[in-house]
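Colleague: Turn this into a model:
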Amino acid sequence: MDFYSLIIENKWTLEIFYTFIISLICMIIVLRTDKFFKLSSHQGIRYFRNAFFFYGIAFIARYIFEIFSNFPVSYASAAQIIFEYFFVMAGFFLFYSLVWKKFELNHKYTSSLFNSKIIIFHMIAAVIALFDFLWQTYFFMFFSQIIIFAYAAVIAYMNYKKEKDRKKFSKFYFIAIILSLAAWILNLLAASYFAWNKWVLIGIGIINIIFFLLILYGVVKVTRK
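Modeller: Numbers count the residues shown, from 1 in each chain. Below you'll find the predicted structure:
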């Protein structure tokens, strides 16, 4: 039995394992960054924490969407909208964790999940998820995330270059952003040109795992101190 056949025959087991691993990583990141935020009161950490809270929910919702894909249309549609909404919001939070100072220099919001700035992201995420549902595509999500992570990569690189000690978290952040950008581009190519080729999807899954492990390593290294 070749590797490809092994994956196909154990698809659901691998899906459960994949979802569990990433959700567990997200939970650890959220708990450690939440504790670090309470000690430092750094607003960027608060938005960074939210990103991985939403990523964790998104991957669980993605697995639920796989289950509901064989159910009546209403259930599958609701699951698709939910998982897209959380994915897009996670990307927005990750991006906003890099630029929040430009918008909140003289004001600190009591809530990082819902405030006058973040509500705009909620609205955009909902519209993107709804558009993808109406047009039965993922292109709105893919393009939005590619744009977000392209900008985030530039900002993350500038932050990295500014740091005197380049062994800090910004190095892991920049590499992770590049990996996530690559994964979204591959998602777009998989949908547009490769007809959801299984090998391309496996590659995307591996990149996603590396992305989350890299972020986890950086978070553990910083918060351990």
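Colleague: Which residues does stretch 86-93 contact?
Modeller: 47-48, 50-52, 54-55, 57-58, 61-62, 118, 121-122, 124-125, 128-129, 141, 144-145, 148-149 (Cβ atoms under 8 Å, 6 or more residues apart in numbering). To be clear about C-beta, it is placed using only N, CA and C from the backbone, and glycine gets the same treatment.
Colleague: Which members of the residues you listed are classed as buried?
Modeller: Buried members of the contacts of stretch 86-93, scored by 16 or more other Cβ atoms under 10 Å, are 47-48, 50-52, 54-55, 57-58, 61-62, 118, 121, 125, 128-129, 141, 144-145, 148-149.
Colleague: Filter those residues down to the ones in helices?
Modeller: Residues of the buried ones among the contacts of stretch 86-93 located in helices (DSSP state H): 47-48, 50-52, 54-55, 57-58, 61-62, 118, 121, 125, 128-129, 141, 144-145, 148-149.
Colleague: after the lowest-mean-pLDDT helix or strand in the chain, next one along is what?
Modeller: Ranked by mean pLDDT, DSSP states H and E, the helix or strand of the chain with the weakest confidence is helix 3-9, at a mean of 56. Remark: after helix 3-9, the chain's next helix or strand is helix 11-40, criterion DSSP states H and E.
Colleague: Can you give me the buried ones in that following helix?
Modeller: So for helix 11-40, counting by 16+ other Cβ under 10 Å, buried means 18-19, 22-23, 25-26, 28-30, 32-33, 36-37.
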